[in-house]
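Asker: Mind looking at a prediction? Sequence and model below.
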Amino acid sequence: MKERVQKLMAQANIGSRRECEELIRQGRVRVNGQVIELGAKADPAEDTIVVDGRTLRVEEQRKIYIALHKPINVLSTDEPHKSDPRRTVRDLVPIKGHLFMIGRLDADSTGLVVLTNDGDMAHKLSHPRYRHTKTYRVTVYGMPDAKVIEQWERGIHLPDEGMTAPCSVRMVKAERGLSVLEIIMTEGKKRQIRRVASALGFPVRHLVRTHIGRLSLGDLKPGEWRELNEADVKALRTSDPAFRSVRPARPVRPANPGGPRPRTSRTSRPTRKRQNERK
């Protein structure tokens with residue numbers, strides 16, 4: 001069966017779906033000797049796919065899904081920068097082969113991250129277009145009131161990135177100058193929760209991701225990981241039903257610079273009889 005070549009490349013652990021798309025754009029992928037364009041399809045059973053001169057071998061492999069409790073100061077990447085001595089999530093999960101990451105977290109945050117060799121699933125659960133939920137427990141300095149929480153839920157403008165998507169924010173408890181919030185989101189701009197919280201005047205003290213979809217972090221301690229079973233994967237695929245009431249933002253239409261057009265009623269239009277009388 002023919003499938004998009006970038007999907008087949010991802011299944012063969014060439015890279016993420018986006019990385020494979022970029023290889024195609026650069027003209028580095030051929031199917032049956034011909035350079036292909038993005039969107040091309042192929043059947044690995046009948047067609048020869050070559051990437052940078054090497055023949056692609058798409059083999060059916062057992063799907064692996066790993067839940068990891070990422071500790072603070074561990075990087076959500078395969079390899080750090082040369083000058084960065086910090087560990088990565090791959091250092092904590094000693095499983096060979098390329099694994100896609102679902103739910104990257106910044107180094108200062110902790111919580112649930114999922115690693116898998118299922119590139120198609122990783123794409124669907126990571127891309128904001130699919131509105132898949134991720135849940136966070138966030139401790140902030142100060143006590144945001146209902147007006148601030150409503151503004152947070154509607155979305156605010158971040159420099160260079162535009163409006164944040166609508167989300168769900170629920171106050172869990174507030175005491176001694178600190179507030180604990182439960183936040184459910186479907187997008188993840190860089191350090192988004194921290195930037196939004198600071199912009200609203202309530203900096204983050206602690207941030208932990210508790211769920212991806214309905215999959216819970218459970219009792220995993222920082223640095224621990226476990227392989228998911230069938231029920232876990234089903235929960236991972238299922239968005240939090242609490243988010244259904246949050247509607248996607250509607251694009252704001254620019255105002256008509258000339259003002260609204262006057263509506264002409266039928267009675268104001270000259271009839272044929274009146275036109276003839278004027279003649």
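Answerer: Everything's here; your move. Residues are numbered from 1 along each chain as shown.
Asker: going forward, measure contacts and count neighbours with C-alpha atoms only.
Answerer: Fine.
Asker: Report the contact partners of the closest residue to Asn13 other than its chain neighbours.
Answerer: Distances taken as C-alpha to C-alpha, 6 or more residues apart in numbering put His98 closest to Asn13, at 5.5 Å, once the chain neighbours are dropped. The neighbourhood of His98, defined by C-alpha atoms under 8 Å, 6 or more residues apart in numbering, consists of 13, 15, 117.
Asker: Looking at those, which one is closest to Ile36?
Answerer: Gly15 (17.7 Å; C-alpha to C-alpha).
Asker: ok, back up a step: and which of the contacts of His98 is nearest Lys190?
Answerer: Out of the contacts of His98, the member with the shortest distance to Lys190 (by C-alpha to C-alpha) is Gly15, at 21.2 Å.
Asker: In the stretch 151-279 of the chain, where is pLDDT below threshold?
Answerer: For the stretch 151-279 of the chain, the stretches flagged by pLDDT under 70 are 244-279.
Asker: Can you name the residues that contact Lys124?
Answerer: Residues in contact with Lys124 (C-alpha under 8 Å, 6+ apart) are 130, 132.
Asker: Quick check: the residue nearest to Asn13 is in a strand.
Answerer: No: read with DSSP: H, G, I helix; E, B strand; the rest coil, His98 is coil and lies in no strand.
Asker: can you map out the strands along the stretch 151-279 of the chain?
Answerer: 157-158, 162-163, 168-175, 178-185, 204-212, 215-216, 225-227 (DSSP state E, counting those that start in this stretch).
Asker: Kindly reformat those as a markdown table containing mean neighbour count and distance to Asp145.
Answerer: Below are those laid out as a markdown table (neighbours: other C-alpha atoms under 10 Å; distance: least, C-alpha to C-alpha, whole Å):
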| stretch | mean neighbour count | distance to Asp145 |
| --- | --- | --- |
| strand 157-158 | 13 | 20 |
| strand 162-163 | 12 | 21 |
| strand 168-175 | 15 | 9 |
| strand 178-185 | 21 | 10 |
| strand 204-212 | 22 | 16 |
| strand 215-216 | 21 | 28 |
| strand 225-227 | 16 | 37 |
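Asker: Of those, give the one that comes closest to Pro128.
Answerer: Closest approach to Pro128 among the strands of the stretch 151-279 of the chain (C-alpha to C-alpha): strand 178-185, 9.5 Å.
Asker: Can you list the helices and strands that the closest one packs against?
Answerer: Using 3 or more C-alpha pairs under 8 Å, 6 or more residues apart in numbering; DSSP states H and E, the elements in contact with strand 178-185 are strand 134-141, strand 168-175.
Asker: Contacts for it next, please.
Answerer: Strand 178-185 is contacted from outside by 133-144, 166-174, 243, using C-alpha under 8 Å, 6+ apart.
Asker: How far does that strand sit from its chain's centre?
Answerer: 19 Å (C-alpha atoms, centre = their mean, to the nearest Å).
Asker: That strand versus strand 168-175: what angle between them?
Answerer: 170 degrees (axes from the mean of the first three to the mean of the last three C-alpha atoms, to 10 degrees).
Asker: Next, the distance between the ends of stretch 137-155.
Answerer: For stretch 137-155, the first-to-last residue distance is 18 Å (C-alpha to C-alpha, to the nearest Å).
Asker: try stretch 125-139
Answerer: The straight-line separation of the ends of stretch 125-139 (C-alpha to C-alpha) is 25 Å.
Asker: try stretch 115-131
Answerer: Using C-alpha to C-alpha, the end-to-end distance of stretch 115-131 comes out at 19 Å.
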